[in-house]
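S.K.: Just to be clear, the model below is a prediction. Sequence and coordinates:
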Amino acid sequence: MSTVIIDEVEMPKNMNFFILEDTPLFQKKMVDSLNDLGFSGNVTVADNIAMAYKKLEDKKTHFILSDWNLPDGKGIDFLKKIRADSNYDGIPFIMVTTMDGVDEIIDAAQIGADDYIIKPWEEDEFAKKISSAYQKRVNK
């Protein structure tokens with residue numbers, strides 16, 4: 001099996017990522033960052049929560065990245081539903097958002113986010129957060 005190694009964390013190269021983000025610039029930046037890291041699995045993008053639920057049902061997903069503020073709700077509510085669903089509760093989940101308050105970060109962690117990326121991000125930070133979130137879920 002081909003792998004991607006970041007900070008000594010070995011991850012399957014063919015992992016499928018799911019991105020819930022309504023801003024095309026950040027959608028592209030996340031997709032480009034994943035490609036640059038060497039991931040070759042499918043990347044599915046949804047720009048609202050309703051679309052996310054439909055697309056998640058149709059795709060095998062190994063990792064979720066979600067914005068906080070979306071046109072039809074909050075990414076934190078999406079996270080709550082994901083963590084309550086046995087089909088997805090073991091999937092690494094990162095909040096990617098401009099919300100940089102300590103309260104938001106704590107809320108996300110308590111609800112089940114494996115990590116938190118504040119926009120805009122540096123590529124090395126993005127890579128470290130991916131490996132950290134993956135390691136947290138795999139080692140649970």
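M.R.: Structure received.

S.K.: Surely G38 is in contact with V4?
M.R.: Yes: assessed by Cβ atoms under 8 Å, G38 is found in contact with V4 at 4.5 Å. Just so you know, the C-beta spots here come from the backbone N, C-alpha and C atoms, and that holds for glycine as well.

S.K.: Counting neighbours, go ahead and name the busier of those two.
M.R.: V4 (20 against 13; other Cβ atoms under 10 Å).

S.K.: Name the residues of the helix or strand containing that one that come out as buried.
M.R.: Assessed by DSSP states H and E, V4 sits inside strand 3-6. Buried residues in strand 3-6, counted by 16 or more other Cβ atoms under 10 Å: V4, I6.

S.K.: That one packs against which elements?
M.R.: Secondary-structure packing of strand 3-6 (3 or more Cβ pairs under 8 Å, 6 or more residues apart in numbering; DSSP states H and E): strand 9-12, helix 123-138.

S.K.: Paired strands for that strand, with orientation please.
M.R.: As defined by DSSP bridges, the strand partners of strand 3-6 come to strand 9-12 (antiparallel).

S.K.: That's all I had, so thanks and see you.
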